[in-house]
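J.: Just to be clear, the model below is a prediction. Sequence and coordinates:
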Amino acid sequence: MQRELPNQHMNRPGPLEKVMVIASDADFCSRMHSVIEDAGYEPVIAGSSEAAIVLMQDVLPALVILAGEPDDATRHSCCRFVAQAPVIIVADGHDVEAIREAFDQGVTDFITRPVDWTLLTLRLQYILRTSRTMQQARTNERLLAEAQRIANLGNWAWDLSCDEIEVSDQSCRIFGVPRTSPGTFYHLFQSAIHDDDRAGFDRAIHQAVQGHPADIEFRIHVQGGQEKTLLMHAERSGPAGSSHLFGTLQNITERKKTEESIRRLAYFDTVTGLPNRTLFSEHLKAALAKASRNGTCVAVMFLDLDNFKRINDSLGHVAGDQLLKEVSVRLQQSIRSTDVAARESSDDTVARLGGDEFTVLLTDMADASHAGVVAERILDSLSKPLMLAGNRVSITSSIGIAIYPDDGHESDVLLKHADAAMYQVKYKGRNGVFFYDDELRRRSQDRIHLEGELVKALERDEMTLFYQPKIDANSSTVSGFEALIRWIHPERGMVSPIDFIPVAEDSGLIVPMGKWVIRTACRQHVAWLKAGLPPVNISVNLSCHQFADHHLLASIEQILAETGVDPAYLEFEITESVLMKDAEAALQVLSEMKAMGLKLSVDDFGTGYSSMSYLKHFPIDVLKIDRSFVLDITTDEQDATITSAIISLAGALGLAVVAEGVETREQLDFLRQCNCDQVQGYLFSPPVPADRAVHLITKQF
Ligand SMILES: Nc1nc2c(ncn2[C@@H]2O[C@@H]3COP(=O)(O)O[C@H]4[C@@H](O)[C@H](n5cnc6c(=O)[nH]c(N)nc65)O[C@@H]4COP(=O)(O)O[C@H]3[C@H]2O)c(=O)[nH]1
């Protein structure tokens, strides 16, 4: 009955728990053995301290009972050995001094002689239960510390009444300080906070004290001059009126660094370190919102270097990058010069959109004319020569300006208008400034209107192809046709491609339109063949967008397969400027086209800037001399020289040559003298519809 008592009211211990008794008294040991066994533990009896120490090598007791008169050394080593388990001594009730000494050596508890055997079972169970709880607490503490270490997360409790902070190990590690007293930690903590972050930190603490949990990021100086960024959560919990704040502390230094490098990549140009298009756009939007509130103006400048490509190609990319960096420095200096601009705003931004295109944002201007002053200053600054790769180089630039609110209210629109104004400078001869104006505004509206109409034109099948013959200069017979698109507008009549091709280019419509041209030209070639005519070369123009389109080759392949045209009769005319825009990429596409068996020609040759080394490597068949040279070959000596030089060059490179825009017999005679292979122009025929072109195929000119 007595023995059942503990089992009815307490957790019964596990069967494997061992209770070790160290005693020399055999009767005492035997009695203990029975009590321990009956209580549901496994007794382990050691007759002496030495035997106990040997036994403890193998047995891990849950509780040790030390009876007799063990000397200090034995008690000490026992306690050391069984640091995880409680140790009970059996002492004389009146020997308080001995009990105190035992406690000092680490003994957990005591029972007094004479032993109350009835209560002993209960006593053992209480002690073991406490021990288990303690052990669990220790384990939990260890696991928590480990988890905090892994998560780089510390916790703290701040007693505001005495300015003491109780911290976890990880909090100390985050601070890089050894474990200190709560008061010392408070002082270390306070002095470590970055001056710039102190006010925010105090605000967050105040908020938490008021009962609103707060999160704050702040920087601290740690030993060695390093800086760390911490994320702290603080909140008030515990009983009402408690002077404690509780919270966590996380070291987010690495995360901040990563975020910063991602931000730099996303928002800044890697060559110049200037904001990129995305960041510029954000700045512009913010500036527009502010200007709308303040009733001020914003100027958007679009700047393009006039001769960057030439410098980049001739002096190399390293020099090109150096130039871009220098330009970025000069631009920043120019907008900071308050003496000229009579104003300065920290929101002004210089950005690089890509290539040699830069933008400048001037914010909160009272007077739009300041933008012109700044632009002139920029031109002046950029025009100063600099040394690049040992060469003295001068650059000029074209700047277009659009002003909020006059020229638009949205960032995209303003940027587009500044771009249009910049093109106006290019058109007028470069190296200048142009403000977006009524004329450009009207043109822009026309363009938008035309774009809408073009979409409909494609849907309504309003496009048609005209064909202009190319004549063999020796035999005076047709050597091929150039297919040229025409838009038969229901109200306006025939619209020139000069007017709509650029719009189709900008809107991307050129891609489906170009595909339609290739397909229609191929079908015409087949139709003439079927009509019993000899196979005739047909050339088709490829614009910049089409040439860069990744689906171009697949589209051509599909059309060839669908129409059955022999690729040897299909020629593509690509302008010199398109090819030179990205010569490496062009070489790749041209090679693939060549591998398909197509013919390739360089259109408008002489108007752009060709690198001879590329020209040599491009797998081209024909050079087409631009009609601007042909126009004056009989009157302008220079044009005559250039034309004959191009013909010689083509001969040297093994290329055929076609002269465009031949309008007079004199021009033809000159070209024949220079051994030009083919000629094309109004002298023979303008571009004509297919039903008229058919009669030219067999004609002798
Ligand atoms: N003054 C003068 N002009 C002559 C003479 N002979 C021919 N032309 C014109 O010169 C242009 C030659 O085409 P381009 O240089 O490729 O220049 C073309 C080409 O860049 C583009 N284009 C035309 N059709 C297409 C097309 O189907 N696709 C693409 N991507 N562009 C096209 O539009 C431009 C203009 O085409 P068009 O108005 O058809 O103008 C044609 C033609 O009509 C002449 O003796 N004197």
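T.: That came through, no problem. Residues are numbered from 1 along each chain as shown.
J.: secondary structure element for Glu166?
T.: Secondary structure assigned from DSSP states H and E places Glu166 in strand 164-167.
J.: With the ligand as the reference, measure out to the nearest residue to Lys325 once chain neighbours are set aside.
T.: In space, and not counting its chain neighbours, Lys325 is closest to Thr272: 5.4 Å by CB to CB, 6 or more residues apart in numbering. To be clear about C-beta, it is placed using only N, CA and C from the backbone, and glycine gets the same treatment. Note on Thr272: its distance to the ligand, by CB to the nearest ligand atom, to the nearest Å, is 34 Å.
J.: a helix runs through Thr272, doesn't it?
T.: No - looking at Thr272 with DSSP: H, G, I helix; E, B strand; the rest coil, it is coil, so not inside a helix.
J.: on that earlier part again, list the buried residues of the strand holding Glu166.
T.: Within strand 164-167, the residues that qualify as buried are 164-167, counting by 16 or more other CB atoms under 10 Å.
J.: going on from it, what's the next piece of helix or strand?
T.: With elements assigned by DSSP H and E, the helix or strand that comes after strand 164-167 is helix 169-175.
J.: Mind giving me the packing neighbours of that next one?
T.: Where contact means 3 or more CB pairs under 8 Å, 6 or more residues apart in numbering; DSSP states H and E, helix 169-175 is packed against helix 117-151, strand 153-159, helix 182-192, strand 244-251.
J.: Tell me which of those lies nearest to the ligand.
T.: Ranking these by proximity to the ligand (CB to the nearest ligand atom) places strand 244-251 first, at 59.0 Å.
J.: picking that back up, mind listing what the residue nearest to Lys325 touches?
T.: Contact partners of Thr272, counting by CB atoms under 8 Å, 6 or more residues apart in numbering, are 324-325, 327-328, 352.
J.: Restricted to strands, list those residues.
T.: Arg352 (DSSP state E).
J.: And the contacts of Thr272, which is closest to Asp621?
T.: Proximity of the contacts of Thr272 to Asp621 (CB to CB) peaks at Leu324, which lies at 36.7 Å.
J.: Can you tell me, leaving aside adjacent residues, what's nearest to Thr278?
T.: Nearest one to Thr278, counting by CB to CB, 6+ apart, is Tyr267 at 5.9 Å.
J.: so where's the stretch 151-300 of the chain shaky on pLDDT?
T.: For the stretch 151-300 of the chain, applying pLDDT under 70 flags the ranges 238-241.
J.: Filter the contacts of Thr272 down to the buried ones.
T.: Buried by 16+ other CB under 10 Å: 324, 327-328, 352, out of those.
J.: Tell me which entries of the contacts of Thr272 lie within helices.
T.: 324-325, 327-328 (DSSP state H).
J.: Now for those residues: which two are most distant?
T.: Greatest spatial distance among the ones in helices among the contacts of Thr272 (CB to CB): Lys325 and Val327, at 7.3 Å.
J.: Mind listing residues that contact stretch 444-460?
T.: With CB under 8 Å, 6+ apart as the test, stretch 444-460 has contacts from 416-417, 420, 462-463, 487, 489, 499-500, 503-504, 506-507, 509, 512-513, 516.
J.: Out of these, which end up buried?
T.: Using 16+ other CB under 10 Å, the buried ones in the contacts of stretch 444-460 are 416-417, 420, 462-463, 487, 500, 503-504, 507, 509, 513, 516.
J.: buried set for the helix or strand hosting Ser628?
T.: Following DSSP H and E, one finds Ser628 within helix 627-631. Neighbour-count burial for helix 627-631 flags 627, 629-631 (criterion: 16+ other CB under 10 Å).
J.: Measure how buried Asp104 is and give me the count.
T.: Residue neighbour count, defined by other CB atoms under 10 Å, stands at 11 for Asp104.
J.: How about Tyr186?
T.: Under the neighbour criterion other CB under 10 Å, Tyr186 is assigned a count of 19.
J.: Checking my notes, Asp406 in a strand, right?
T.: No - if the criterion is three-state DSSP, then Asp406 is coil and not within a strand.
J.: and it, what does it touch?
T.: 297, 368.
J.: 10 Å - rerun?
T.: 297, 368, 414, 417, 435-437, 441 (CB atoms under 10 Å, 6 or more residues apart in numbering).
J.: try Ile45
T.: So Ile45 contacts 19-23, 26, 28-30, 32-33, 36, 51-52, 55, 65 (CB under 10 Å, 6+ apart).
J.: one step back: ok, the strand holding Glu166: who's next to it in the sheet?
T.: Using DSSP bridges, strand 164-167 pairs in its sheet with strand 153-159 (antiparallel).
J.: how far off helix 182-192 does the strand it pairs with point, in degrees?
T.: On the basis of axes from the mean of the first three to the mean of the last three CA atoms, to 10 degrees, strand 153-159 is oriented at 110 degrees to helix 182-192.
J.: Close to the ligand: what parts of the stretch 501-650 of the chain are there?
T.: 501, 514, 517, 541-543, 573, 603-604, 627 (CB under 6 Å from any ligand atom).
J.: taking those residues one by one, which sit in helices?
T.: Among these, the ones falling in helices (DSSP H) are 501, 514, 517, 627.
J.: How confident was the prediction at the last one?
T.: Read it as Arg627. Note on Arg627: pLDDT of 91.
J.: With the one 3 residues further on instead?
T.: Val630 carries a pLDDT value of 94.
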